[in-house]
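Visitor: Sharing a model that was predicted from the sequence below.
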2 protein chains.
Amino acid sequence: MPTISQRGEQMPPSPIRKLVPYAEAAKKKGTKVYHLNIGQPDIETPKQMLDAVRHSDFKILEYSHSAGNESYRRKLVEYYNRFNISVTHEQIIVTTGGSEAIVFGFMACLDPGDEIIVPEPFYANYNGFAIEAEVKIKTITSSIDTGFALPAMADFEKAITPKTKALLICNPNNPTGYLYSKEEMEVLKELCLKYNLFLFSDEAYREFCYSGTHFSAMNLEGLEENVILMDTISKRYSACGARLGAFVTKNQAVLNAAMKLAQARLSPPSFAQIAAEAAVDLPLDYFDSIKAEYQSRRDILVQMLNEIPGVYSPNPGGAFYAMAKLPIDDADKFCQWILESFSFEGQTVMMAPGTGFYATPGLGKDEVRLAYVLNQDDIRHAMVCLAEALKVYPGNTSK
Amino acid sequence: MPTISQRGEQMPPSPIRKLVPYAEAAKKKGTKVYHLNIGQPDIETPKQMLDAVRHSDFKILEYSHSAGNESYRRKLVEYYNRFNISVTHEQIIVTTGGSEAIVFGFMACLDPGDEIIVPEPFYANYNGFAIEAEVKIKTITSSIDTGFALPAMADFEKAITPKTKALLICNPNNPTGYLYSKEEMEVLKELCLKYNLFLFSDEAYREFCYSGTHFSAMNLEGLEENVILMDTISKRYSACGARLGAFVTKNQAVLNAAMKLAQARLSPPSFAQIAAEAAVDLPLDYFDSIKAEYQSRRDILVQMLNEIPGVYSPNPGGAFYAMAKLPIDDADKFCQWILESFSFEGQTVMMAPGTGFYATPGLGKDEVRLAYVLNQDDIRHAMVCLAEALKVYPGNTSK
C-alpha cells in the first residue's frame, strides 16, 4: 500500500474540533453543551443576503470570473471606501473564504522553507496553511499579562532571519480579541520597510471593535507594496457557510501571481457572490445592533470570568473571542474533563484549549479560548458551569 | 519592495483564458465569437437544484461539517451505488470543486519533489496544482493517431523513478475526450501494484460517455488502497459555479490526511451542497436527453472537422471535448489570428491551442481543443468559420 506524504502526517488536526466526540457523548447523555469553542455566530445572516439568492433567476450556475464577478468587486470597492481603504476592483481577487486568501498569500509570496513571523497565540489554521505551502511559521510570544499587546520591536528583530519573508497579524485578533493600535501598526510598518517584508493582515473581524477603532494595514502610508489584506464575509455577516473572502493588494506582481492561483481553481462560489453583493447595500447602521450585542456579551463574559477565583481574562478590544487564564494543570485535559466527567444542573461548556493557539511547547497550558457567539443568558449559564467546574476539577492548581 | 515567490513566478497562466483579451476585442468590433475554448456548458442547470436553494428557509448560513453535510454525503453514496461504486459516507470528503479534490490528493499523498505520471495531452490546471504542491508532473505522450489511447505499459515504466508516487488520469479525458477501456484501466492497476503507486482518477465527465461504457477506477478490484477518486458536479449538472466536488477513497490514512486539509479550510460551500443534494434525486433518465444532445453535437463537430482539408479529429468516446490536428504552423498564433485578424460573415471562433495541454515542448503546435458546449447550429457555424479561416490563414502548412 502506498504511504501518505510527510506533509499529510504533519498537518495538525483542528484544535478547535478535536473535542467534538466528547461534546457529542455529553449530548447523548442528555447534557446541554454551551458551545464557546468555535467562532460560528448565532446571529442571523441578513435576510437581504439570503433573499438575493432566493430571488435570483439565472438558469445556468456558471463559473464566475476567476477573480470574482466584476459587479461584486466593484461593490467591494464601495465597501472598503467606507473604511478609507482606497482600492480598485482590479486590486481585489474574490476568494473561497478567508482561508483561500491566506493560502494565496503564502504561495504567491513565499517559497518552501521561507518564514513568516506571527505573534502567538494565533489562529491555529495558519499552521495548516503553512504546512500546505511548505513554509515555516515562527512565533514571538504576546502575553496575557499585557492583554496580548504587540510584542516589542526587538522581539520581532530577534526572530527575523534571511529566510523571513513576511509578518502576519490578525486584527482584531483571533484568539485574543486584541485590537492593534495605530502605533503598533506603525511598528509593523517600520519592520517591513527595514527588512523588506510582506505584511499579511487578516482583518476578518474588522467590524467588531468595541474599545478603540480599527486601523487597517491598508492605511499604512508608504507600505502599499508590502501589504496584503486577507478578508472574509464569514463573521461580518454571519455567513460562514458562504465561503467567500477576498485577497486585496496594491502590489501588482503579487496580484498577478495570485491571479494565476485563482485561475487554476477556476472561480469562487457563485451563489455566495450574489449574497455578498447584496450585503454591501445593507443599511449602514446594520452593524450597530450587532456590535452592541457582541459588546454586551463580551462585558458579561469577561466580568463573570474575572469573578471566578483564580481566573483572569483581559478585556478584548474586538472580534468575539476572549482568552482566559484558569487555575488548571492542563487545558486539554480540563476541556475534555468538563465535557466527559462534569455537568452542573444538566449543563456543561465546550471551550478551545489554549495550547492549540501557541507554537511554543508548554504555552497556553493554563489558558482557554472562549467565543462569545451565544446569547447573553447562555453565556451567563456557561460561566456558572465553568465556575462550578473549577471548584471540583481534580487538576485545579489553586487548591 | 519584497519580491514574489519562485512558485508565484512558475505558476502557468491559464492556456484556456489567455486569449480572452483578443476575443473581447473581436466582440468590440462587432464580430460574433463562438466559444469552443472553455468547458462551460450551455445546458441549463436542473431547476430542481436551483429551486432547492431558492426554497431553502434556514436563517443562518453556517459552516457545514468540514467533510460536507452528512445528509449530502449519504446521498452521494446512493449516487455512486448506481455505478456499482460501493463507498460509505465516511469515505467521502465534499470539496470546493474538483480542483480542491485534486489539490487534497497531491498534498496528502506527495511531498515536494515527488512525481506524478500523467498521459499528455492533459488538463492544463494539473500543472498549476502541481506547482502549488511543489510536486512534479511527468508526462508520457498519447498520440492523436491512436485517438489518444493509453500509452503502452513500457512507456509508463520508462518514466517511473524512485520519486514516482502516483499516476493520474482523467476518464473520460479532458482535453481528448478519450474513454479508457476496462483493459486499459487494468494496465494502470498492474502498474500501481507493481510500483506501489497511487492512482488519481479524475472522473468529472463520468455521465458523458457515447461510445463504450465508463469503467471507474473505484471498481478495480484489489486496488482499493491505491485509488483516489476526484470528482465534481460542475459538468454533471452544468453547475460549474457551485464549486462542489468530492474526494473519495477507501484508504483510511489518505482520508485522515485529507480530512485535516479539509478542516484547515473549515468547510465546502453551503448553498452548493443544498443544490447538489437535490440533484441526486433527479429522475434517473435526466441524463438521457443531455447525453443525446452532446452526442449529436460531437457527431456534427467531428464530421465537419474531418471534412475540412488537412484536418483530422479522432472520434472522442466521452466528455465534451475533441482535439483536432490542423494544417497550421503554430496553434497559439492561429488561435490568436482567428480572433484578431479574421471573420467570416461577421463571425469567428475561439479555440484552445493544443500546446497548453502538453508538457513536452513542441507538442500540440498543430492541435487545438474544441469544447462542444454550444448548440448544434452554433457548432455548424463555428466549423464553417474554421474551414474558411484555414483557407486564408497565412501559416497554413498544406498550401
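Guide: Now that the structure is in, tell me what you want to look at.
Visitor: For the residue nearest the centre of chain A, which residues are in contact?
Guide: By C-alpha atoms, centre = their mean, the mean C-alpha position of chain A lies nearest to residue A:174, the distance being 4.3 Å. Residue A:174 makes contact with A:39, A:123, A:204-205, A:319, A:321, according to C-beta atoms under 8 Å, 6 or more residues apart in numbering or on different chains. (C-beta placed from N, C-alpha, C; glycine too.)
Visitor: for chain B, what are the nearby residues on the stretch 151-300 of chain A?
Guide: Counting by C-beta under 8 Å from any C-beta of the partner chain, the stretch 151-300 of chain A comes close to chain B at A:165-166, A:192, A:196-198, A:225-226, A:238-243, A:251, A:253-254, A:256-258, A:260-261, A:263-272, A:275.
Visitor: my read is the residue nearest to the centre of chain A is in a helix, agree?
Guide: No - read with DSSP: H, G, I helix; E, B strand; the rest coil, residue A:174 is coil and lies in no helix.
Visitor: Look up which helix or strand the residue of the stretch 51-200 of chain A at minimum distance from chain B falls in, please.
Guide: With C-beta to the nearest C-beta, the shortest gap between the stretch 51-200 of chain A and chain B falls at residue A:128, namely 3.2 Å. Using DSSP states H and E, the element containing residue A:128 is helix A:125-133.
Visitor: wait, isn't residue A:12 in contact with residue A:130?
Guide: No - look at residue A:12 against residue A:130 with C-beta atoms under 8 Å: they stay out of range, at 9.9 Å.
Visitor: more neighbours, those two?
Guide: Taking neighbours as other C-beta atoms under 10 Å in any protein chain shown, residue A:12 and residue A:130 compare with residue A:130 leading, 25 against 16.
Visitor: With adjacent residues omitted, what lies nearest to that one?
Guide: Leaving aside its chain neighbours, residue A:130 sits nearest to residue A:137 (4.7 Å; criterion: C-beta to C-beta, 6 or more residues apart in numbering or on different chains).
Visitor: Could you list everything the one you found pairs with in the sheet?
Guide: residue A:116 (DSSP bridges).
Visitor: Can you tell me how far it is from residue B:130?
Guide: Residue A:137 sits 24 Å away from residue B:130, going by C-beta to C-beta, to the nearest Å.
Visitor: Skipping its backbone neighbours, what lies nearest residue A:225 in space?
Guide: Leaving aside its chain neighbours, residue A:225 sits nearest to residue B:1 (4.4 Å; criterion: C-beta to C-beta, 6+ apart).
Visitor: cool, and residue A:204?
Guide: Nearest to residue A:204 is residue A:232, by C-beta to C-beta, 6+ apart, at 4.9 Å.
Visitor: distance of the one you found from chain B?
Guide: Relative to chain B, residue A:232 is positioned 10 Å away (C-beta to the nearest C-beta, to the nearest Å).
Visitor: That residue - how many residues pack around it?
Guide: Burial of residue A:232 is recorded as 27 neighbouring residues (other C-beta under 10 Å).
Visitor: partners of it in the sheet?
Guide: Where residue A:232 sits in a bridge, its partners, by DSSP bridges, are residue A:245.
Visitor: what does the model give it for pLDDT?
Guide: For residue A:232, the pLDDT comes out at 98.
Visitor: That one: what's it in contact with?
Guide: For residue A:232, the contact set (C-beta under 8 Å, 6+ apart) comprises A:97-98, A:101, A:204, A:244-246.
Visitor: Is residue A:218 in a helix, a strand, or coil?
Guide: helix.
Visitor: Now for it, how many residues are close by?
Guide: 24.
Visitor: Residue A:380 too?
Guide: Based on other C-beta under 10 Å, the number of other residues close to residue A:380 is 16.
Visitor: for residue A:146, same thing?
Guide: Neighbour tally, residue A:146, other C-beta under 10 Å: 11.
Visitor: now residue A:339
Guide: Applying other C-beta under 10 Å, we find 25 residues neighbouring residue A:339.
Visitor: could you list every residue that touches it?
Guide: Residues in contact with residue A:339 (C-beta under 8 Å, 6+ apart) are A:19, A:22-23, A:25-26, A:33, A:348, A:350.
Visitor: for residue A:12, same thing?
Guide: The contact partners of residue A:12, by C-beta under 8 Å, 6+ apart, come to A:124, A:127-128, A:131, B:260.
Visitor: Which of these sits closest to residue A:157?
Guide: residue A:127 (23.3 Å; C-beta to C-beta).
Visitor: Let me know the helix or strand that the closest residue to the closest one other than its chain neighbours is in.
Guide: Excluding the flanking residues, the one nearest residue A:127 by C-beta to C-beta, 6+ apart is residue A:12, at 5.2 Å. Using DSSP H and E, residue A:12 sits within no helix or strand.
Visitor: tell me which residues in stretch A:267-283 are buried?
Guide: Under the neighbour-count criterion of 16 or more other C-beta atoms under 10 Å in any protein chain shown, stretch A:267-283 has A:267-280 buried.
Visitor: Show me the contact partners of the helix or strand harbouring residue A:192.
Guide: In this structure, residue A:192 is located in helix A:182-195 according to DSSP H and E. Under the criterion C-beta under 8 Å, 6+ apart, residues A:149-150, A:153, A:156-157, A:160, A:164, A:167, A:169, A:171, A:197-199, A:215, A:217, A:220, A:222-223, A:226, B:2 lie in contact with helix A:182-195.
Visitor: can you give me the strands for the stretch 1-150 of chain A?
Guide: In the stretch 1-150 of chain A, the strands defined using DSSP state E, counting those that start in this stretch lie at A:32-35, A:92-95, A:115-120, A:136-141.
Visitor: tell me, how many neighbours does residue A:377 end up with?
Guide: Residue A:377 - counted by other C-beta under 10 Å - has 9 other residues nearby.
Visitor: buried ones in the biggest helix by length in chain A?
Guide: For chain A, the helix with the greatest residue count under DSSP state H is helix A:286-307. The neighbour-count check on helix A:286-307 (16+ other C-beta under 10 Å) flags A:286-287, A:290, A:293-295, A:297-298, A:300-302, A:304-305 as buried.
Visitor: could I get the residues you listed as JSON lines with distance to residue B:47 and pLDDT?
Guide: As requested, those are exported to JSON lines (distance: C-beta to C-beta, whole Å; pLDDT from 0 to 100):
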{"residue": "A:286", "distance to residue B:47": "33", "pLDDT": "96"}
{"residue": "A:287", "distance to residue B:47": "36", "pLDDT": "95"}
{"residue": "A:290", "distance to residue B:47": "35", "pLDDT": "95"}
{"residue": "A:293", "distance to residue B:47": "39", "pLDDT": "96"}
{"residue": "A:294", "distance to residue B:47": "40", "pLDDT": "96"}
{"residue": "A:295", "distance to residue B:47": "45", "pLDDT": "97"}
{"residue": "A:297", "distance to residue B:47": "42", "pLDDT": "97"}
{"residue": "A:298", "distance to residue B:47": "46", "pLDDT": "98"}
{"residue": "A:300", "distance to residue B:47": "48", "pLDDT": "98"}
{"residue": "A:301", "distance to residue B:47": "47", "pLDDT": "98"}
{"residue": "A:302", "distance to residue B:47": "51", "pLDDT": "98"}
{"residue": "A:304", "distance to residue B:47": "51", "pLDDT": "98"}
{"residue": "A:305", "distance to residue B:47": "52", "pLDDT": "98"}
